[in-house]
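Q: Turn this into a structure:
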Amino acid sequence: MRAPEQSRVKAVLGPTNTGKTHLAIERLCAHSSGAIGFPLRLLAREVYDRVCAIKGAERVALITGEERIEPPHARWLLCTAEAMPVGADLAFVALDEAQLCADRERGHLFTDRLLHARGRDETMLLGSATIEPMIRALLPEAEIVSRPRFSTLTHTGARKLSRIPPRSAIVAFSAEQVYAVAEMLRRFRGGAAVVMGALSPETRNRQVALYQSGEVDYLVATDAIGMGLNLDIDHVAFAGLSKFDGQRQRRLTTPEMAQIAGRAGRHQRDGTFGTLAGTGGHDAEFTAEEVYAIEEHRFPPLTRLYWREAEPRFDSLTHLIADLETKPDRPELAPAPEAIDLAVLKRLAEDPAIADTVRGKAAVRRFWEVSSLPDFRSAGVDTHSRFVARLWDDLRRGHLGGDYVARSIAELDNPGGDIDTLQMRIAAIRSWSYITQRPDWVLAREEMAARARAVESRLSDALHARLTERFVNRRTTVLMKKLGSDAALLPVTVAENEVLVDGEHIGQLTGFRFRVDPQARLADRKLLLAAAERHLPALLAERAIQLAARLDAGEAELTLQGAGFYWHGEAIARLVPGKTLLAPQIEPDAALESAGAAARQRLLAALQGWLLRELAPLDPLRKPDAASSDPGAGPELRALLIRLTESGGLLERAGSALDRLDKAQRERLRQLGVRVGALDLFVPAMLRPAPLAAWRTLLAVRGEAMGAPVPAMPPVVALTGKDRPPPGYRALGRQALRIDLAEKLLRTAHGVRVTAGSKSFVLDPALAISTGLTTASYAQLLRLAGFQPGVPRALATGAFGPPAPPRWRWRPPRREVRAAQPPAPPPPGSAFAALAALVR
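A: The predicted model follows:
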């Protein structure tokens, strides 16, 4: 093995949140050239964007296995550790997360960079304090700088998912658990961003941006969150404390726990960590020793780093494999476990058909480069070996054909499918992104690399959309924010009765009543109602004031149905009994309580004015109503007026106690607009559709029913079966006659009676028939008023020819008049013949 490179090396060590990366960026920009190696492509990309903002994009390069942005005169390089230019002449070189030298899969790469990647003027190693003994042993001249954490970490114990605070990350260790937790958060908290190692870097960045922007308040992640992602997290909850490391299920080490828990807190803001209650037994809880170690940042130091020969011989496959399996000669270093690249190399070397094609140093070197293709699909040695063998079969003859590469990329250009399908396509396209970055592998490298990046971008967009669609309920997320301390920052609007919170539809506002969107999940309904109660009062108050103004101007579309006020089909108030029937009170609907007292009183005043206009047809009743409380009217008249008013200005004369009134009281009754008829006392102005409709409303207030007024109030209406006569009509058999016309017919009959004196008289039915009455109904009316028909002797014996018209006499009624049973239909013939038949 090569001896470590000796130059000025500074190791900046400490826990997370100590500003190590920020320091490295400052030092990079302070030198004339330099490079930083990161453990993740997405972290390299994040720092690349920051350095571009400082130095300009034309002078900064991004170099990863899958993406290369290399301007011709780039002097500052941001790389993954694997892609670092170890031998380049650069003034500054830094390696981030140096403790990964102890990682089973990639440790040997980081160890090589730690030992051999050097800057001309300065070299900086960033990592955990656990690697300090190894650095002192391997690089005794290195300067060690310890940096304390800017904030503190505090253990808070186990919490139920419903009790996890906003701005939290929940860490799980399997895709199934990640999906389950994210689905529960969608149901209870509106959703979560999802970060897993299986996602493409672009999708991870999009999901992280979803969280960082505040669109969601929760992040569900695998342990990928512990490496490099700089997030505004206040609390980290572990859904478990064990994971499968590729060989076995094991408990996390304390440094691994601290690496993940350390994501909580940012700069000088303290953080907390704990576990998710109900996800396991005692093994799912931190021990007291682990809590102490994490809070105090005290971890056992690393005792060895993984190493593999970085410069093997390429004389033959046998020498190459032997060198890669060579053991280090220093006690601080240990042989690296067999990584996927070495496993693939050995598997393919065992195939004589493949091994025979690898002859010479150039071929062996090229074969090793092909075997080192990362297994982005996590397909395992067997499947990945077959893919590498197919790739080698083409590359050993020269370059990959452009048509083959283009066709392979195009086959993956399908944004359809579910989350798992898209993840597999993205993993496959990442393999092609890596392949197309090699100029000696692909013809038209730049074109093919651009195609691969475009497909990965489209697939990443689709995957982000699927994750957001499945695990983010934007409506509930908005509502949860509205329920928080920054509620006033998000707008609530009503557009055509549609209630929008920050542009998200949550329900309908009809009248003053909010209704939750029926498409909302059951778990969301409580949140939606709570949001409405919190944020709609101001809008309801504004709506109430606007409606009041329209009512005052006579422009509002308000209706009275029964005892209710209806606006846009919704009840906003109802009438309740007042001191008198003509003075009901208005009781607002419970939904108006949210509008506030001032707006509610303003609307009630407008409703009162509108009601007075609607009840204006009842003004003729107001004089009798007022007189009923006048002591000067006398008790007899007051009692009659009370009954008349409560019956809507229509009262049968029989039983009205009219005969108890003296002459002065009768005269006052006439002055009040009350007409005294032969059968009824009535206010003539009430015998119209509008007053009767208004009266029907007042009866509904008292809980009484009344038949609907007849439009246009014709003189006569037909009755069928047991129909009650419409308001303002008197039943006469199978017909009903309007009360004022009944009085007119009876007044004419009394005129004939007075002229005849004491003799019997004949009544001409022509006037009655002209109103639409039948002779049978007319005869019924006459009998109700006290007219009695007389029968001529000759007519009774049938001694003469055609029937003569009946003669009538009048006897004053002495008791209450009751409606008689409907007579039989009159026989055909003249009107007089009908009356004669009725007399017989």
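
Q: what does stretch 441-456 rub up against?
A: Residues outside stretch 441-456 that contact it (C-beta atoms under 8 Å, 6 or more residues apart in numbering) are 67-68, 200, 202, 395, 399-402, 405-406, 409-410, 412-413, 426, 429-430, 432-433, 435-439. The way it works is simple: take the backbone N, C-alpha and C, and place the C-beta from them, glycine included.

Q: Looking at those residues, which are in strands?
A: Using DSSP state E, the subset of the contacts of stretch 441-456 located in strands is residue 68.

Q: Could you pick out the buried ones from the contacts of stretch 441-456?
A: By neighbour count, with 16 or more other C-beta atoms under 10 Å, those hold 67-68, 200, 202, 395, 399-400, 405, 409, 412, 426, 429-430, 432-433, 435-438 as buried.

Q: list the buried ones in the helix or strand hosting residue 550?
A: Assigned by DSSP states H and E, residue 550 falls within helix 537-552. By 16+ other C-beta under 10 Å, the buried positions in helix 537-552 come out as 539-541, 543-545, 547-548, 550-551.

Q: I'd like a version of the residues you listed in CSV, one that adds distance to residue 157 as further columns.
A: What follows is the buried residues of helix 537-552, written out as CSV (distance: C-beta to C-beta, whole Å):
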residue, distance to residue 157
539, 42
540, 43
541, 45
543, 47
544, 49
545, 51
547, 53
548, 55
550, 58
551, 59
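
Q: Would you point out the most distant pair within these?
A: Within the buried residues of helix 537-552, 539 and 551 form the most distant pair, 18.6 Å apart (C-beta to C-beta).

Q: Now do the helices in the stretch 601-750 of the chain.
A: For the stretch 601-750 of the chain, helices defined by DSSP state H, counting those that start in this stretch occupy the ranges 619-627, 635-646, 663-671, 689-701, 739-756.

Q: can you check the stretch 401-550 of the chain too?
A: 402-411, 419-436, 445-471, 474-482, 522-535, 537-552.

Q: same question for the longest one, mean pLDDT?
A: Meaning helix 445-471. Averaged across helix 445-471, the pLDDT comes to 89.

Q: got it, and the fifth one?
A: Helix 522-535 comes out with an average pLDDT of 59.

Q: Report the separation between residue 36 and residue 775.
A: Between residue 36 and residue 775 the distance is 115 Å, computed by C-beta to C-beta, to the nearest Å.

Q: Between these two, which is the more surrounded one?
A: Shown here are residue 36 and residue 775; by other C-beta atoms under 10 Å, residue 36 has more neighbours (27 against 20).

Q: Might you report the residue contacts of the more buried one?
A: 24-25, 28, 44, 47, 77-79, 93-96.

Q: Helices - which of those land there?
A: Judged by DSSP state H, the contacts of residue 36 include 24-25, 28, 44, 47 as members of helices.

Q: which of those residues are buried?
A: 24-25, 28, 44, 47.

Q: Of those, which is the nearest to residue 239?
A: Looking across those and measuring by C-beta to C-beta, the closest to residue 239 is residue 44, at 28.5 Å.

Q: For the stretch 1-150 of the chain, just list every one of the strands.
A: Counting by DSSP state E, counting those that start in this stretch, the stretch 1-150 of the chain has strands at residues 9-13, 34-38, 60-63, 68-69, 76-80, 92-95, 122-127, 143-146.

Q: go on, the stretch 251-400 of the chain?
A: Under the criterion DSSP E, counting those that start in this stretch, the stretch 251-400 of the chain contains strands at 271-276, 305-307, 333-335.

Q: From the contact counts, what lies against the longest one?
A: Taking 3 or more C-beta pairs under 8 Å, 6 or more residues apart in numbering; DSSP states H and E as the contact definition, the neighbouring helices and strands of strand 271-276 are strand 153-159, strand 235-238.

Q: Tell me which residues are up against it.
A: So strand 271-276 is contacted by 17, 151-161, 164, 170, 181, 233-239, 241, 261-265, 284-286, 294 (C-beta under 8 Å, 6+ apart).

Q: Looking at the helices of the stretch 601-750 of the chain, which is nearest to residue 298?
A: So among the helices of the stretch 601-750 of the chain, helix 689-701 is nearest, using C-beta to C-beta, at 79.6 Å.

Q: Which strands or helices does that closest one pack on?
A: Against helix 689-701 (3+ C-beta pairs under 8 Å, 6+ apart) you get strand 570-576.

Q: Pull up the pairing partners for the helix or strand just after the strand it packs on, direction included.
A: Going down the chain from strand 570-576, the next helix or strand is strand 585-588, by DSSP H and E. Pairing partners of strand 585-588, with direction, according to DSSP bridges: strand 570-576 (antiparallel).

Q: ok, the buried ones among the ones in helices among the contacts of residue 36 vs residue 320, which is closest?
A: Distances from residue 320 to these, taken by C-beta to C-beta, are shortest for residue 44, at 29.1 Å.

Q: looking at the strands of the stretch 251-400 of the chain, which is buried most?
A: When you average the neighbours per residue for each of these (mean count of other C-beta atoms under 10 Å), strand 305-307 leads with a mean of 25.

Q: can you list the helices of the stretch 401-550 of the chain in JSON lines and add distance to residue 566?
A: Formatted as JSON lines, the helices of the stretch 401-550 of the chain follow (distance: least, C-beta to C-beta, whole Å):
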{"stretch": "helix 402-411", "distance to residue 566": "62"}
{"stretch": "helix 419-436", "distance to residue 566": "49"}
{"stretch": "helix 445-471", "distance to residue 566": "40"}
{"stretch": "helix 474-482", "distance to residue 566": "30"}
{"stretch": "helix 522-535", "distance to residue 566": "21"}
{"stretch": "helix 537-552", "distance to residue 566": "12"}
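
Q: Nothing else from me, thank you.
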